[in-house]
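In: I need the structure of the sequence given here:
(4 chains)
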Number of protein chains: 2
Amino acid sequence: MAQKNVISLDKIKVACRDCSLSTLCLPMGLRPDDVDRLDAIVKRNRPLQRGDHLFRAGEAFRNLYVVKTGAVKTFTQTNEGDEQVVGFHLPGEVLGLDAIQDGQHGCSARALETTAICELPFDRLEDLSSNIPSLQHQMFRLLSKEISHEAEMMALLGRSTAEERVASFLISLSERFKRRGFSATDFFLSMSRQEIGSYLDLALETVSRLFTRFQDEGILKVERKHVQILDLERLNGMVVHPTNVERHHANPST
Amino acid sequence: MAQKNVISLDKIKVACRDCSLSTLCLPMGLRPDDVDRLDAIVKRNRPLQRGDHLFRAGEAFRNLYVVKTGAVKTFTQTNEGDEQVVGFHLPGEVLGLDAIQDGQHGCSARALETTAICELPFDRLEDLSSNIPSLQHQMFRLLSKEISHEAEMMALLGRSTAEERVASFLISLSERFKRRGFSATDFFLSMSRQEIGSYLDLALETVSRLFTRFQDEGILKVERKHVQILDLERLNGMVVHPTNVERHHANPST
DNA sequence: CGTAGCTTTGAAGATTTTCAACCTTAGTGG
DNA sequence: CCACTAAGGTTGAAAATCTTCAAAGCTACG
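Out: Down below sits the predicted model:
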């Protein structure tokens, strides 16, 4: 036990610097000593292999998880036995936020490839947040960000043709890779066409066909899991963007 | 000023008891004096009329809002000028949680009918949360609940035929009315077919047709905005429910 | 090298949207 | 009090989109 702690204390800091730290702290700085206090509660486990579960629907909620490297999918299963992909989680992104609510995971999470994870015991995170106002603020922002992100996803699933959905999906991946320092135009999909389809509510064949079409149109180069975006502008042009400015058409009440 | 405060102090408590209180406090009790401290920051404005804005996309975020009576829709506008309904908010439900993230509202909110609202200044709520651990916990739960709720919505939009979507929509309304003490089987829709369609990503005609069909099948009685659910069981049977138990089919990794 | 698991592609079928017309209700003003 | 209008709702038919079913190709792994 003691030994494990000694070993992990160093590792923890390293782990924290590149995952929980960037997620929880960077957006609005904590004081260095507060960062250390946060570091101290982070746990880092051995990497997950492709197909390993991070948690399962119905399990008790204890930790938030931050993806360090690799990729994770979250999903539910319907009473008809098939899987519904709820989300894909890339490095720097947090899982488990939906489970705070009732202390139980509402979906399962599995590694799509070899994946390193940081573990944040939620009860300790709450204690810490009580004592560090700026951490509390970060936590609120983190949760809020997740809400915004899902609202965006809904808007995407909401107003979209298959073309728009696949385009949005690729743009989303591109932006998320970019934010974490990877190439925005050349990356590998860690998920199958099936999983993409489940996520976007499209048949896997439709996803495949769209990839092919985008390639024919010179927008992409796709070779199985390897995607290169050749014309990001045209891809962007396919999706309907929400504006922040409300247009004034006759207001029913005034 | 002084007079306004005197007047509002009483009103506030009443307002709080039936909106922010039930949302923020009831799920896991705060101590009575803490409830009073929460009460003290709640503001209550004059009711909104149908069509009035509660906030607009792009505005600075200052407050969370709790619907006391009535109904509110949130929506964005696309660069093509049409409106995308993001959510409907019934009594007891909270708006604005997505805006904590970057201090700016990402969608607009408008009253669908005459609506009373409680206003919670977020900065004061944060201060209070720092000092009242159980309130902080409630806030985390509240945010998490919103995430879960949106994940559910995504799952709904995700794996659904038009029939499932409309059925789920009605079930959702039914449950939310029930939770707040209204009839679960007899209610008025405060939104138009157009708005329902926008929310569910269906043409308004499709929504209308489904209502008609459900009525022909004896599941509903619909007369414009007035809906009666005659066979909730059959309605439930239409939607694919997520299970909490993950089925074991061949695990790709083991 | 063979098999299993993705992926791609084609063609038929189902669902949903679009366009258009018509109906109903509530509100307005003659 | 009634006709008129505007907004929302319903209904039908054609067109577009997406799914399903089926078959075949490709890769990776043992």
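In: for the closest residue in space to A:Leu95 that isn't next to it in sequence, phi and psi?
Out: Using Cβ to Cβ, 6 or more residues apart in numbering or on different chains and skipping the chain neighbours, the partner closest in space to A:Leu95 is A:Tyr65 (4.5 Å). The way it works is simple: take the backbone N, C-alpha and C, and place the C-beta from them, glycine included. In terms of degrees, to the nearest 10, the main-chain angles of A:Tyr65 are phi -130, psi 140.
In: pretty sure A:Met191 sits in a strand.
Out: No. Counting by DSSP: H, G, I helix; E, B strand; the rest coil, A:Met191 falls outside a strand, being coil.
In: my guess is the residue nearest to A:Leu95 contacts A:Pro121. True?
Out: No. Look at A:Tyr65 against A:Pro121 with Cβ atoms under 8 Å: they stay out of range, at 10.8 Å.
In: which one of those two is surrounded by more residues?
Out: A:Tyr65 (23 against 15; other Cβ atoms under 10 Å in any protein chain shown).
In: residues contacting the more buried one?
Out: Listed by Cβ atoms under 8 Å, 6 or more residues apart in numbering or on different chains, the contact partners of A:Tyr65 are A:54-55, A:72, A:94-96, A:109, A:117-120.
In: spell out which parts of the stretch 51-200 of chain A neighbour DNA strand D.
Out: A:161-163 (Cβ under 7 Å from any atom of the strand).
In: do you know the pLDDT at the closest residue to chain B within the stretch 1-150 of chain A?
Out: Residue nearest to chain B within the stretch 1-150 of chain A (Cβ to the nearest Cβ): A:Gly51, separated by 2.3 Å. pLDDT for A:Gly51: 93.
In: next, it: secondary structure please.
Out: Applying three-state DSSP: A:Gly51 is coil.
In: that one: how many residues sit nearby?
Out: A:Gly51 has 13 neighbours, counted by other Cβ under 10 Å.
In: now A:Pro32
Out: Residues near A:Pro32, counting by other Cβ under 10 Å, number 8.
In: repeat for A:Met191
Out: A:Met191 has 18 nearby residues by other Cβ under 10 Å.
In: my read: it touches A:Leu112, true?
Out: Yes. In this structure, A:Met191 is within contact of A:Leu112 by Cβ under 8 Å, at 5.6 Å.
In: joint contacts of those two?
Out: Contacts common to A:Met191 and A:Leu112, judged by Cβ under 8 Å, 6+ apart, are A:71, A:73, A:88.
In: tell me the one of the residues you listed nearest DNA strand D?
Out: Nearest to DNA strand D among the shared contacts of A:Met191 and A:Leu112, counting by Cβ to the nearest atom of the strand, is A:Ala71 at 16.2 Å.
In: how near is that closest one to A:Glu195?
Out: Remark: distance between A:Ala71 and A:Glu195 (Cβ to Cβ, to the nearest Å) = 11 Å.
In: close to chain B: what parts of the stretch 101-250 of chain A are there?
Out: A:101-102, A:106-108, A:126, A:129-130, A:133, A:136-137, A:139-141, A:143-148, A:150-151, A:153-155, A:157-160, A:198-199, A:201, A:240-247 (Cβ under 8 Å from any Cβ of the partner chain).
In: then stretch A:201-218 to CSV, C-alphas only?
Out: The C-alpha coordinates for stretch A:201-218 follow below in CSV (Å, rounded to 0.1, in the frame of the first residue of the first chain):
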residue,chain,number,x,y,z
ASP,A,201,-28.8,7.2,-36.3
LEU,A,202,-27.9,6.0,-39.7
ALA,A,203,-27.6,2.6,-41.2
LEU,A,204,-23.9,1.5,-41.5
GLU,A,205,-24.4,1.3,-45.2
THR,A,206,-25.4,4.9,-45.4
VAL,A,207,-22.3,5.9,-43.5
SER,A,208,-20.2,3.9,-45.9
ARG,A,209,-21.9,5.3,-48.9
LEU,A,210,-21.4,8.9,-47.7
PHE,A,211,-17.7,8.3,-47.1
THR,A,212,-17.5,7.0,-50.6
ARG,A,213,-19.4,9.9,-52.0
PHE,A,214,-17.3,12.5,-50.1
GLN,A,215,-14.2,10.8,-51.5
ASP,A,216,-15.6,10.9,-55.1
GLU,A,217,-16.3,14.5,-54.6
GLY,A,218,-12.7,15.2,-53.5
